[in-house]
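[1] Sequence and predicted model, in that order:
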Amino acid sequence: MKLKQILKNSKNSKQYEFDYFPLTFNFQNEITRLMKTYTILIGVAIAGIAIMGVIFALDISKVTIATQDYDIFVDPLLDEQNLFVMGRVTIQNTGSKPLTNVKVNFGEGDITELGTLKPGQKVILSPPSDNKMEFVQVSADPDIFVNKAYRSPPKMVGMMGS
């Protein structure tokens with residue numbers, strides 16, 4: 001297969017002709033077309049990543065940016081192992097103002113007084129070891145009351161207690 005190279009001086013591009021069939025191929029036009037295609041694909045990929053970033057940022061901001069003056073997040077977690085049961089209660093002030101007179105009632109007369117929680121402050125507590133760990137009641141001024149039952153995380157293969 002013999003290849004003849006013909007240079008066109010007007011466009012400074014290369015054309016090739018093959019002996020068996022005539023084929024003219026303009027490399028400059030083909031490369032320009034491919035570059036436009038890749039530019040569009042890269043633009044779409046960057047736009048997709050930007051959209052996902054905005055969605056994740058908005059989701060995270062719901063937890064970190066206070067939308068109310070007084071608000072509290074309570075998450076009682078019960079982690080059952082083979083030999084023991086561990087309870088943990090996460091309490092966070094998600095409001096924009098401090099909460100005063102914060103009290104945690106673990107039931108059975110077990111009450112812990114936390115005092116004041118600053119905005120964004122998080123406290124992790126463990127209930128007393130002899131507590132049945134059925135529910136948690138958190139109250140604070142002004143007029144905040146949350147009552148939640150303990151939840152258990154899903155067990156995963158290979159993790160402790162599964």
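    Cool, the structure landed.

[2] what ranges of this structure fall below the confidence cut-off?
    1-27, 61-67, 156, 158-162 (pLDDT under 70).

[3] which residue is nearest the centroid of it?
    residue 56 (5.5 Å; CA atoms, centre = their mean).

[4] and that residue, helix, strand or coil?
    helix (DSSP: H, G, I helix; E, B strand; the rest coil).

[5] Quick one: the strands in the chain, in order.
    For the chain, the strands defined by DSSP state E occupy 3-8, 13-18, 72-80, 85-93, 99-105, 111-117, 122-125, 135-141, 144-149.

[6] among these, which is nearest residue 155?
    With CB to CB as the criterion, residue 155 lies closest to strand 72-80 of those, at 8.8 Å. C-betas here are computed from N, CA, C, even on glycine.

[7] Return the distance of the closest one from the chain's centre.
    Distance of strand 72-80 from its chain centroid, counting by CA atoms, centre = their mean, to the nearest Å, is 20 Å.

[8] And stretch 107-118, by the same measure?
    Put simply, stretch 107-118 sits 31 Å off its chain's centre (CA atoms, centre = their mean).

[9] any residues touching it, and which ones?
    Applying CB atoms under 8 Å, 6 or more residues apart in numbering, the set of residues contacting stretch 107-118 from outside is 72, 91-93, 98-106, 123, 125, 127-128, 131-137, 140.
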